[in-house]
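# With the input below, show me the fold.
(chains A and B)
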Amino acid sequence: NAGVTQTPKFQVLKTGQSMTLQCAQDMNHNSMYWYRQDPGMGLRLIYYSASEGTTDKGEVPNGYNVSRLNKREFSLRLESAAPSQTSVYFCASSEDSPYSNQPQHFGDGTRLSIL
Amino acid sequence: SQQGEEDPQALSIQEGENATMNCSYKTSINNLQWYRQNSGRGLVHLILIRSNEREKHSGRLRVTLDTSKKSSSLLITASRAADTASYFCATGNQGGKLIFGQGTELSVKP
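Numbering: from 1, shown residues only, chains lettered A, B, ... in the order given. Take a look at the predicted model:
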């Protein structure tokens, strides 16, 4: 039972490059989330998806796009990476609606550096 | 838009001692959750306390909630070196999503 799996674990990009962070969950959860974690800032929600085919902006969506490919997978794309996007990115899932305030299950993160 | 604020930001104790972390929040909540994050890993859910509950236990963890003061505390009894981690509170709000605080870094020295 893997839970939430994120790939890659580490990545270094140059400014302007693009990349997609992958996330998959095997718990049959309806909702999935992308967060970024920066020192002193805690966790900030980038985008979330309440169900397959739907996505919504979180607190800090600028510079990112997402795709809920199916119930299992939720990807985060940086179209033109900027140094300010250097961060640790976490994917999470929860069983029901984001508004039901259920516990979330997290992956182990992608550590992204943009030079 | 931080809702929960943890206090202290960092805490260092000896093995066997108790560790207490606090979380304050600003608006009405449905529930409050505590998570642990080990270095280099994702957050792990520890315990959830609903707004109509005052205290909850899970093993060596004890969580209290005071809705009149808009605060919660997490007590870890008889701490171990393996408890070294960051601890986050997250508030669940009516019609809203979970909002995480900035965390308390706990160091338990052997």
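
# any low-confidence regions in the chain?
Defaulting to chain A. Applying pLDDT under 70 to chain A flags the ranges A:1.

# I was thinking of chain B, sorry if that wasn't clear
B:1-3.

# Test my guess that residue A:8 contacts residue A:109.
No. Residue A:8 is beyond contact range of residue A:109, at 10.5 Å (criterion: CB atoms under 8 Å). From N, CA and C alone the C-beta is placed, and that goes for glycine too.

# Looking at the two, which has the bigger crowd around it?
residue A:109 (23 against 11; other CB atoms under 10 Å in any protein chain shown).

# burial count for residue A:99?
16.

# which residues does it contact?
B:95-97 (CB atoms under 8 Å, 6 or more residues apart in numbering or on different chains).

# is chain A contacted by stretch B:82-93?
Yes. Against chain A, stretch B:82-93 shows contacts by CB under 8 Å from any CB of the partner chain at B:88, B:92-93.

# Redo the residues you listed as TSV? Include secondary structure and neighbour count.
Shown next, in TSV, are the residues of stretch B:82-93 next to chain A (DSSP: H, G, I helix; E, B strand; the rest coil; neighbours: other CB atoms under 10 Å in any protein chain shown):
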residue	secondary structure	neighbour count
B:88	strand	25
B:92	strand	23
B:93	coil	18
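
# just to revisit the earlier point, ok, and of the contacts of residue A:99, which contact chain A?
B:95-97.

# Narrow the residues you listed to just the buried residues.
Buried members of the ones next to chain A among the contacts of residue A:99, counted by 16 or more other CB atoms under 10 Å in any protein chain shown: B:96-97.

# could the ones next to chain A among the contacts of residue A:99 be laid out in CSV, adding distance to residue A:26 and secondary structure?
Listed next are those as CSV, based on distance: CB to CB, whole Å; DSSP: H, G, I helix; E, B strand; the rest coil:
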residue, distance to residue A:26, secondary structure
B:95, 29, coil
B:96, 27, coil
B:97, 23, coil
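
# so is residue B:87 in a helix, a strand, or just coil?
strand (DSSP: H, G, I helix; E, B strand; the rest coil).

# for the ones next to chain A among the contacts of residue A:99, which one is nearest residue A:14?
residue B:97 (33.4 Å; CB to CB).

# That closest one and residue A:50 touch, don't they?
No. Applying CB under 8 Å as the test, residue B:97 and residue A:50 come out as separate, 9.8 Å apart.

# So which residue is dead centre in chain A?
In chain A, the residue lying closest to the centroid (CA atoms, centre = their mean) is residue A:34, at 2.6 Å.

# my guess is that residue contacts residue A:77, does it?
No. Here residue A:34 does not reach residue A:77: they are 10.3 Å apart, not a contact under CB under 8 Å.

# overlap in contacts of these two?
Contacts common to residue A:34 and residue A:77, judged by CB under 8 Å, 6+ apart, are A:21, A:64, A:66.

# Those, buried ones only, as a ChimeraX selection?
Buried residues within the shared contacts of residue A:34 and residue A:77, by 16+ other CB under 10 Å, are selected in ChimeraX with:
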select /A:21,64,66
